[in-house]
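Undergrad: Generate coordinates for the sequence data below:
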Amino acid sequence: MSRAAATTLTVRQVKHLGGQITVPGDKSLSHRAVLFSALADGTTAITGFLPGEDCVCTMRALQAMGAGIEVESPTSLIVHGTKGKLNPPLEPIDCGNSGTAMRLLAGILAAQPFKSRLIGDASLSGRPMKRIVDPLRQMGAKIEGRGDKHTAPLEIEGGALTGIDYTLPVASAQLKSCLLLAGLFAQGTTSITEKTPTRDHTERLLAHFHAPPTIDFSPDGKVKTVRVRGGTLLHARDFAVPGDFSSAAFWIAGAAALTGADLTITNLGLNGTRTGLLSVLLRMGAHITESISDSSCEPFGIVRVHGRKLRGTRIAGAEIPNVIDELPIISVVGALAEGKTEIRDARELRVKETDRIAAMAGNLREFGVNVDEHDDGMTIHGGSPLIGARVKSFGDHRIAMACAVLGLFAKGETTIEDTGCIATSYPTFHDDLLKIAYFHEGGLASLLSSR
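TA: Modelled structure (predicted):
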């Protein structure tokens, strides 16, 4: 494996994956931990913070609006809260490539008594923000985006909000979190109902910061309603961010599909709304064990994977929101498994950092995989011999990493272009691969010397 150019990644076929690693901190939790700490009353110490570009954008935005944030190390922050009262930013707030930063900050800024402008890179500026604009306007917010989809830049004139009862039209933890954060500042109660479960990090962290929401379920347990009361103040409380399951997913999937692999990942976030990949892999015949060490706020623990031959499966319906970020690497596993793997009801992938359906389908074909693309997913006919390829990341970190893992199974060399995007979520991806991979053609030592 080498980095001949700063944004190009080359991998060779691997003969073994094994050992023990700890992946960087959870991206979703790092965003929320620094946001909640900045809004709280008091001082919070955050450890395990992910110093990737996405989370750093959130941190810098809060610093620009008056939150005192001391960076003791790249992964350790001391955050002095503002009691929910931010200062007007002097410049537009740059969210980079981060949809989480833009959507969650929009919920907060809609209630602040000043004007603000949220901008992003070309990819983020093409992603639809209408799903947050419409309900925020129902709460009384003055917010404008470009065109019918209300893409960035977002122009926000903050002011008084009123709580609403809102049912999510799509399964989106970002939308839910945006509205719950706005609801903390609104008059009355804000109720958010989801018919399909989404990540519950925001609910857990509200409770951690001494502002637990009210949560009710329908009699059959399938419909969840979360309520927050306006005027609720968060109170500082130290938080340790566990390892990011979505980052570990690349190693878990790769090891599960490689016969003889033996990989252990420690201090890994094991929130049940994030670990749907494990259920998919187990259904495909994987040998995986997990052990939860603590579940007081965000459960974390150890996952161990023993590799063996897998078989195809179908992923669709209510299972999709719980594996939405893992679908690129699941498509890779489908290519490695025997038989057919079908991904459906995943139209949301069309509006991520790139069109992940088209990107992965096209890249899989470059490796020699037979793929049928659908408007809401793809069908992968697995088990064919793979050949190394030169593929594009499309500026999408998950596409880049998924293709790097597939390259470990392909004959010859695989090169992924434009891999600088990996730094948005997993800045140590390259180094962690070198820790666990044992390659053909002389093994790891010769590969290290080629960097």
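Undergrad: contacts and neighbour counts: CA atoms only from here.
TA: Noted.
Undergrad: now the strands for the stretch 51-200 of the chain?
TA: When assigned using DSSP state E, counting those that start in this stretch, the strands of the stretch 51-200 of the chain occupy the ranges 68-73, 76-80, 93-94, 115-119, 142-146, 151-157, 165-167, 189-194.
Undergrad: and the first one, what does it pack onto?
TA: Where contact means 3 or more CA pairs under 8 Å, 6 or more residues apart in numbering; DSSP states H and E, strand 68-73 is packed against strand 76-80.
Undergrad: So which residues make contact with the strand it packs on?
TA: Strand 76-80 is contacted from outside by 34, 37-38, 41-49, 67-72, using CA atoms under 8 Å, 6 or more residues apart in numbering.
Undergrad: export the strands of the stretch 51-200 of the chain to CSV and tack on mean neighbour count?
TA: Converted to CSV, the strands of the stretch 51-200 of the chain look like this (neighbours: other CA atoms under 10 Å):
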stretch, mean neighbour count
strand 68-73, 15
strand 76-80, 21
strand 93-94, 22
strand 115-119, 21
strand 142-146, 19
strand 151-157, 21
strand 165-167, 16
strand 189-194, 21
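Undergrad: Among these, which comes closest to R227?
TA: Ranking these by proximity to R227 (CA to CA) places strand 189-194 first, at 4.4 Å.
Undergrad: can you list contacts of the closest one?
TA: Contact partners of strand 189-194, identified using CA under 8 Å, 6+ apart, comprise 162-168, 171, 176, 179-180, 183, 223-230.
Undergrad: Please name whichever of the strands of the stretch 51-200 of the chain is nearest to T414.
TA: Among the strands of the stretch 51-200 of the chain, strand 93-94 comes nearest to T414, with 33.6 Å by CA to CA.
Undergrad: now stretch 130-149: mean pLDDT?
TA: Here stretch 130-149 scores 96 as its mean pLDDT.
Undergrad: from the chain's centre, how far out does it sit?
TA: 23 Å (CA atoms, centre = their mean, to the nearest Å).
Undergrad: Could you check the pLDDT of the closest residue to L104 other than its chain neighbours?
TA: Spatial nearest neighbour of L104, excluding adjacent residues (CA to CA, 6 or more residues apart in numbering): C178 at 4.5 Å. pLDDT recorded at C178 is 98.
Undergrad: what about C178, neighbour count?
TA: Other residues within reach of C178, judged by other CA atoms under 10 Å, total 25.
Undergrad: Could you tell me how far it is located from R131?
TA: C178 is 10 Å from R131, where distance means CA to CA, to the nearest Å.
Undergrad: what does I265 give?
TA: The gap separating I265 from R131 is 36 Å, by CA to CA.
Undergrad: quick one: which of the two has more around it?
TA: I265 (21 against 17).
Undergrad: who does whatever helix or strand the more buried one lives in touch, helix- and strand-wise?
TA: Per DSSP states H and E: I265 is located in strand 262-269. Using 3+ CA pairs under 8 Å, 6+ apart, the elements in contact with strand 262-269 are strand 14-21, helix 245-257, strand 300-306.
Undergrad: Of the ones you listed, which is nearest A106?
TA: Taking these one by one with CA to CA, helix 245-257 is closest: 24.4 Å.
Undergrad: Next, the angle strand 262-269 makes with the closest one.
TA: If you take axes from the mean of the first three to the mean of the last three CA atoms, to 10 degrees, helix 245-257 sits at 160 degrees to strand 262-269.
Undergrad: neighbouring contacts of helix 245-257?
TA: With CA under 8 Å, 6+ apart as the criterion, helix 245-257 contacts 17-18, 23-24, 26, 261-263, 265, 268-270, 274-275, 277, 281, 286-288, 305-310, 325-326, 329-330, 333, 336-337, 401-402, 405-406, 425-426.
Undergrad: quick one: the helices in the stretch 301-450 of the chain?
TA: Using DSSP state H, counting those that start in this stretch, the helices assigned to the stretch 301-450 of the chain run over residues 327-336, 356-366, 397-407, 429-436, 443-448.
Undergrad: hmm, who's touching the third one?
TA: Applying CA under 8 Å, 6+ apart, the external contacts of helix 397-407 come out as 9-13, 250-251, 254, 325, 328-329, 332, 356, 359-360, 363, 388-389, 391-393, 413-417, 419, 421-425.
Undergrad: Please apply the same query to stretch 309-316.
TA: Counting by CA under 8 Å, 6+ apart, 256-259, 280, 283-286, 334, 336-346, 382 sit against stretch 309-316.
Undergrad: For it, measure first residue to last.
TA: Span of stretch 309-316 from end to end, CA to CA: 22 Å.
Undergrad: cool, and stretch 295-308?
TA: One end of stretch 295-308 sits 30 Å from the other (CA to CA).
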